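Trainee: Following is a predicted model, sequence given first.
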Amino acid sequence: MEEATATSAADRERFDRLVQEELPIQRASVAMEGGMPSCLTLFDNYLLCYSLAAQFRAVYRFGQPAGCPAKFEDFKFCMSLKGVSDERREEVWIKRRAESWAERRMGKSSEDVWTART
């Protein structure tokens, strides 16, 4: 039981560190994109995920059609921020993206199959 707690605490520390690393990257990325996308743009991205071309690409690359729950979650998140000021919306969006990228970095990667040569 103590090992699981220690592991989860270590994972949480690593996640927090990765989020802090991602925040400036995502701030720059969002600024380059012109700020937080509109909810309509996020909804369009969700629908485009189900387009024929996107589904063919997913079948070719992964052997199965793509599911698009992350895009729909982005749209729902945007809709939940309708009553928030623009500055606060953008900061919350950046934090969400940083957390998303930190989660991706914590998971498995194609780099995991390679061993570094020394």
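Mentor: On my side now, so go ahead. Computed from a predicted model, the values in this text were never measured in an experiment.
Trainee: what ranges do the helices span in this protein?
Mentor: For the chain, applying DSSP state H gives helices covering 2-32, 39-49, 52-62, 69-80, 86-106.
Trainee: Tell me how far the spatially most central residue of the chain lies from residue 51.
Mentor: In the chain, the centroid-proximal residue (CA atoms, centre = their mean) is residue 100; its distance is 3.2 Å. From residue 100 over to residue 51 the distance is 22 Å, taken as CB to CB, to the nearest Å. From N, CA and C alone the C-beta is placed, and that goes for glycine too.
Trainee: Likewise for residue 57?
Mentor: Going from residue 57 to residue 51 by CB to CB gives 9 Å.
Trainee: Just give the closest residue to residue 58, not the sequence neighbours.
Mentor: Spatially, and ignoring its direct neighbours in sequence, residue 58 is nearest to residue 66 (3.6 Å; CB to CB, 6 or more residues apart in numbering).
Trainee: just checking, the one you found touches residue 56?
Mentor: No: applying CB atoms under 8 Å, one finds residue 66 not in contact with residue 56, separated by 9.8 Å.
Trainee: Just want to know which of these two has more residues nearby.
Mentor: Neighbour totals were compared for residue 66 and residue 56, and residue 66 leads with 16 against 12 (other CB atoms under 10 Å).
Trainee: Can you pull the phi and psi angles for that one?
Mentor: Residue 66 adopts backbone torsions of phi -80, psi 140, taken as degrees, to the nearest 10.
Trainee: Now do the same for it: its pLDDT.
Mentor: In this model, residue 66 is scored at 89, pLDDT.
Trainee: what residues are up against it?
Mentor: For residue 66, the contact set (CB atoms under 8 Å, 6 or more residues apart in numbering) comprises 49, 50, 54, 55, 57, 58.
Trainee: Report the buried residues of the lowest-mean-pLDDT helix or strand in the chain.
Mentor: Least confident helix or strand, the chain: helix 2-32 with a mean of 88, by mean pLDDT, DSSP states H and E. By neighbour count on 16 or more other CB atoms under 10 Å, the buried set for helix 2-32 is 18, 19, 22, 23, 26, 27, 30.
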